[in-house]
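K.L.:
Got a predicted structure here, sequence first:
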Amino acid sequence: MRRNRPVKHSELDFIIRIAGEGGDGVVSCGELLAQMAARTEFHVFTFITYPAEMRGGYSMIQIRLRDITIYSMGSMVDCLVVFNQQAFDNSIEVLKPGGVLLYDPAVVDIGKHDHEYMLEPIPLTMMAKEATGGSLSKNMVALGALSYLFGADMEMLETLMNERYASKGEEAMAKNHLALDAGYHAAANINLDTNFRLADLKPAGENYMLISGNQAVALGAIAAGCRFTAGYPITPSTSIFETLTRLLPLVGGRAIQMEDEIAAISAIIGASFAGEKVITPTSGPGLQLMTEQLSLASMIEVPIVIVDVQRAGPSTGLPTKTEQSDLKYAVYGAAGESPRITLAPTGVEDSFYQTIRAFNLAERYQVPVLLLLDQSIGYRKATVKMPDFDKLSLVDKSEPRKSVSIPKSSLISIVNRIEPSTTELEDYMRYLDTDDGTSPIARPGTLGGQYLATGLEHDERGIADQSPKNHLKMSKKRFRKLEFITKQFEKNPIEFYGPPDAVIGLIGWGSTEGAIREARYHAEKEGVVTRHLHPHTISPLPSRQISLFLLRLKYLLIVEENLTGQFAHYIKAKFGVKSIGVRKCEGMPITSDEILKVIMKVAGIDDEDNCTSL
Amino acid sequence: MKTTAQVYKKEAVKPIWCPGCGDYAVLSALQKSFTTLSLKPEEIIIVSGIGCSGRFSHYLNTYSLHGTHGRAVPTALGAKAARPDLTVLAIGGDGDGLSIGGGHLSHAARKNPDITYLLLDNNIYGLTKGQASPTTPGDYQSKTSPYGLGEEPMDPIPVFITYGVSFIARAHSFNVKEMTSIITAAIKHRGMSIVYIHSPCVNYQALSWDKLREQTEKLPKGFPVKDKMKALEPAYSKEPLYTGIFYRRTQPVLEDRLDRITETARKNRHGKSIGMSAKEIMEDFR
Ligand SMILES: Cc1ncc(C[n+]2csc(CCOP(=O)(O)OP(=O)(O)O)c2C)c(N)n1
Ligand code: SF4
Ligand SMILES: [Mg+2]
């Protein structure tokens, strides 16, 4: 049976980019706008790029607003706000002809571009100085101008500003309001006639959150029952740890900042051994430090969840930029063969549910689970439907498929670890060799459940045993978990986008899903039909699903954000297929236009044999 | 209830230490301490590192974790933070705790979890068969220092004192009775306790049993255990090499601090100390 996911269409699509340098307050300005939109029926999607330094360097936020689910940051923008010349130079080419250009004429020379756009020259710095005595609130001048331009609900905006800046003190808040007014009136004087209105849509029902991918991971962990984290700060994962340190105490959990990533993963292994659900967030360099302990977790079969919010590497690389380049390391990185599960959320909402699923899998199968996000998902914000907590259900061990499946807002399943029964405790075998490779795990404090978890090869009782037969038997036992999970996948119907008879197929993973979906949509408008598969589970791969997807494909495009094509290698190794690489290695997300170009090129190929050289 | 030391012993596994290895004495002392304290074996977590001394966790009928080289202390810290109701110990050698894992100690000391760390010093890498450790004497020709060592050995006790470890003691393997009473006091101490134990290796005698016996002397009765500055002098002393408790002080404990964090977070949120559900947490993100 095949199930093709339907795609909804709508013409309402508005994109604003606000660009400046670190310290300009670009992100605050954009996020307030996004929050306002999120309080209505708009779907909101934001993308942020910022410099690695505290001050200076290019910084921007792009906000996309639609009345349907949004899949990517979009390509061309309808409104561009620039705080300085560099921001103008970097961004002007993405402004649609006829779009609104809001700029500070004192510092930005727009050159010959004056006829192509609707101009909104506002001396941001000067007006901030006039209104408040300082230039700090120039972002609020811009926000005021945007509020006038796009008809914001000023009462709501003031409330949101008060919430955001409550900790800055009365004086700072008052200055912000003065600057906001100044910008608003300046825009009123220019009185451009724009056709987009923020207040056009009804106030939203009460069930949406506006959260970042990183926040979604933290909230997913809490929903899954995680009550312990230990971490070490590293961009771009830090806000997961920060969110957890703030929220865990409220739900009776504990968070500890450790001295390095080795200590962080050690602490969560200790806490999980003691019986808690645990998580540690990190990025590539931290994951490298954790690897020895990751193998230990695999060997002693203790459930842990590790989040790698990928940044562009190698080494310190581009710490604040995005890339999908830790795939091979996540799937294989270890000395010895140590099974783990690797999941790749495709967006903000999916990050929430894949995190719950990561815990379900870790706890059910007693393996380390790696969640591979990247900077672009971690930092983007989107409207996410509030899950229905009344539909929360506990999955018991007789339902192995449920611990594999992806929870939904209407039905969240929570899986806990399987503990030994009283009879099993009479002659307890911690590492009992079972059909699915998982054995009951005793919680410290349980009489008769005492056992040794050793990184040395051990037998079913946990006693060190390095005999040839035992090593083979126990290695197979540990890997049987992955085989079992793969079998569960096979029972699921194959799910992909697009018609099964399309001869051009796209496979991607993680954050590229939205851009691929949009590219397909535009290709279809041009008469080129494609299909698209986007597995959430990178390892073990849903093999049967992918094999079926590959059937009768003429061209396979594999989309990923790295130079060497790690996912393409991986797919080739598993399925022996030749593919055309659609890659980007610039620290920025791939756009739908970039993918569309390749699709159109492939559609025009008549020499099939040469199609990998694109 | 059986409270003999046998309760803590794992019958199925016989220690594989060399006959005469100092670690036997530590195992025996530890079991006696458990007995003295009437601890239930199922309420004890033991985390050991890698080395001959790392084998400790194999021989006890407790919840035992034999992890990786150098990480016993942060692992034990995590276990204790998650389960303050259990008695948690970390055990490892001089290479494990002072070399590869040495970086963790100052931070564990600052956090002061209520765990007991037995550091078994044989002044050598025993398991890997005789390479120099951070405490190998400079004149000893080990397998990795065939022409003598190019560095000075470290003095661990003064280091622990300056790190701010809240309980520091030294014991040695030829006096099980004294070691038992020290380990018992260490487990009873609320906060991080380190029992630094001279546990000689019979194969690679960087520090021999005989020499140790000659040099050792108990700290004088009535030694002021709350005075860091006073503790430093006997801590540096080589002859005699003092045994006993050098420093013991009540300091804020990690688990209590985490409790206080919980309270503060809840008070800031509600003005009262009640927990929230995951659902309520998410309401905040609307
Ligand atoms: C990451 C890592 N590096 C090196 C080793 C090899 N190794 C095992 S035990 C050991 C030293 C053990 O010395 P010590 O901690 O003093 O314990 P002892 O055997 O003396 O009790 C070394 C270097 C290892 N197991 N893991
Ligand atoms: S090698 Fe030394 S430390 Fe290891 S078991 Fe033998 S005597 Fe003990
Ligand atoms: Mg040693």
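P.N.:
Thanks, I have the structure now. Ligands and ions are numbered 1, 2, ... in the order given.
K.L.:
Chain A contacts on the stretch 101-250 of chain B?
P.N.:
Residues of the stretch 101-250 of chain B found near chain A (Cβ under 8 Å from any Cβ of the partner chain) are B:103-104, B:107, B:111. The way it works is simple: take the backbone N, C-alpha and C, and place the C-beta from them, glycine included.
K.L.:
For those residues, which PyMOL command selects only the ones that are buried?
P.N.:
Entered in PyMOL, the line below selects the buried ones among these, by 16 or more other Cβ atoms under 10 Å in any protein chain shown:
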select buried, chain B and resi 104+107+111
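K.L.:
could the residues of the stretch 101-250 of chain B next to chain A be laid out in JSON lines, adding pLDDT?
P.N.:
What follows is these, written out as JSON lines (pLDDT from 0 to 100):
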{"residue": "B:Gly103", "pLDDT": "98"}
{"residue": "B:His104", "pLDDT": "98"}
{"residue": "B:His107", "pLDDT": "98"}
{"residue": "B:Lys111", "pLDDT": "98"}
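K.L.:
quick one: contacts of stretch B:238-246?
P.N.:
B:157, B:161, B:167-172, B:175, B:178, B:182, B:185, B:198, B:212, B:215-219, B:223, B:225, B:231, B:234-235 (Cβ atoms under 8 Å, 6 or more residues apart in numbering or on different chains).
K.L.:
Whichever of those end up buried, select them in PyMOL.
P.N.:
Typed into PyMOL, the line below selects the buried ones among the contacts of stretch B:238-246, using 16+ other Cβ under 10 Å:
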select buried, chain B and resi 157+161+167+168+169+170+171+172+175+178+182+185+198+212+215+216+219+223+225+231+234+235
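K.L.:
In chain B, what residue lies closest to chain A?
P.N.:
B:Gly78 (3.1 Å; Cβ to the nearest Cβ).
K.L.:
Look up how far A:Thr434 lies from the residue most central in space within chain A.
P.N.:
Centroid-nearest residue in chain A, with Cα atoms, centre = their mean: A:Ile377, separated by 3.2 Å. As for A:Ile377, its distance to A:Thr434 is 36 Å (criterion: Cβ to Cβ, to the nearest Å).
K.L.:
circling back: my guess is the residue of chain B closest to chain A contacts A:Ile265, does it?
P.N.:
No. Using Cβ atoms under 8 Å as the test, B:Gly78 is too far from A:Ile265 to be in contact (9.2 Å).
K.L.:
Please enumerate the shared neighbours of these two.
P.N.:
The contact lists of B:Gly78 and A:Ile265 share A:Ala230, where a contact means Cβ under 8 Å, 6+ apart.
K.L.:
so where's the stretch 251-400 of chain A uncertain?
P.N.:
A:398 (pLDDT under 70).
K.L.:
which residues of it fall in strands?
P.N.:
If DSSP state E, counting those that start in this stretch is used as the criterion, the strands of the stretch 251-400 of chain A fall at A:254-257, A:278-282, A:304-310, A:341-343, A:368-374, A:381-385, A:393-395.
K.L.:
OK, contacts around A:Leu327?
P.N.:
By Cβ under 8 Å, 6+ apart, the neighbours of A:Leu327 are A:342, A:372, A:509, A:538, A:560, A:562, A:566-567, A:570.
K.L.:
Against ligand 3, how distant is it?
P.N.:
40 Å (Cβ to the ion, to the nearest Å).
K.L.:
How much space separates that residue from ligand 1?
P.N.:
To ligand 1, A:Leu327 is 25 Å away according to Cβ to the nearest ligand atom, to the nearest Å.
K.L.:
got it, and B:Ala25?
P.N.:
Taking Cβ to the nearest ligand atom, one finds B:Ala25 at 14 Å from ligand 1.
K.L.:
I'd like to know which elements the helix ranked longest in chain A is packed against.
P.N.:
Taking DSSP state H as the criterion, chain A has its longest helix at helix A:468-491. Taking 3 or more Cβ pairs under 8 Å, 6 or more residues apart in numbering or on different chains; DSSP states H and E as contact, the helices and strands that helix A:468-491 lies on are helix A:348-365, helix A:400-404, helix A:543-550.
K.L.:
let's see it at 7 Å
P.N.:
helix A:400-404, helix A:543-550 (3 or more Cβ pairs under 7 Å, 6 or more residues apart in numbering or on different chains; DSSP states H and E).
K.L.:
hmm, who's touching it?
P.N.:
By Cβ atoms under 7 Å, 6 or more residues apart in numbering or on different chains, the residues outside helix A:468-491 that reach it are A:298, A:337, A:339, A:365, A:367, A:400-401, A:404, A:431, A:433, A:436-438, A:457, A:459, A:540, A:542-545.
K.L.:
swap the cut-off to 6 Å and go again
P.N.:
A:339, A:365, A:367, A:400-401, A:404, A:433, A:436-437, A:457, A:459, A:540, A:542, A:544 (Cβ atoms under 6 Å, 6 or more residues apart in numbering or on different chains).
K.L.:
Quick check: the farthest pair among these?
P.N.:
A:Asp459 and A:Arg544 (33.8 Å; Cβ to Cβ).
K.L.:
these two touch, right, A:Ile516 and A:Trp509?
P.N.:
No. Assessed by Cβ atoms under 6 Å, A:Ile516 is found out of contact with A:Trp509, at 10.1 Å.
K.L.:
Please give me every residue in contact with the closest residue to A:Gly220 other than its chain neighbours.
P.N.:
In this structure, A:Gly220 finds its nearest non-sequential neighbour in A:Thr355, 2.9 Å apart by Cβ to Cβ, 6 or more residues apart in numbering or on different chains. By Cβ under 6 Å, 6+ apart, the residues touching A:Thr355 are A:217, A:220-221.
K.L.:
what's the answer for A:Ile414, then?
P.N.:
Counting by Cβ under 6 Å, 6+ apart, the residues that A:Ile414 touches are A:225, A:394.
K.L.:
let's see it at 10 Å
P.N.:
Counting by Cβ atoms under 10 Å, 6 or more residues apart in numbering or on different chains, A:Ile414 touches A:223-225, A:277, A:356, A:359-360, A:363, A:392-395, A:402-403, A:407.
K.L.:
show me what contacts the closest residue to B:Gly138 other than its chain neighbours?
P.N.:
Sequence neighbours aside, B:Leu149 is the residue nearest to B:Gly138 in space, at 4.9 Å (criterion: Cβ to Cβ, 6+ apart). By Cβ under 10 Å, 6+ apart, the contact set of B:Leu149 is B:132, B:136-142, B:206.
K.L.:
pLDDT score assigned to B:Leu149?
P.N.:
Note on B:Leu149: pLDDT of 87.
K.L.:
Over to it. Which of the three states is it?
P.N.:
coil (DSSP: H, G, I helix; E, B strand; the rest coil).
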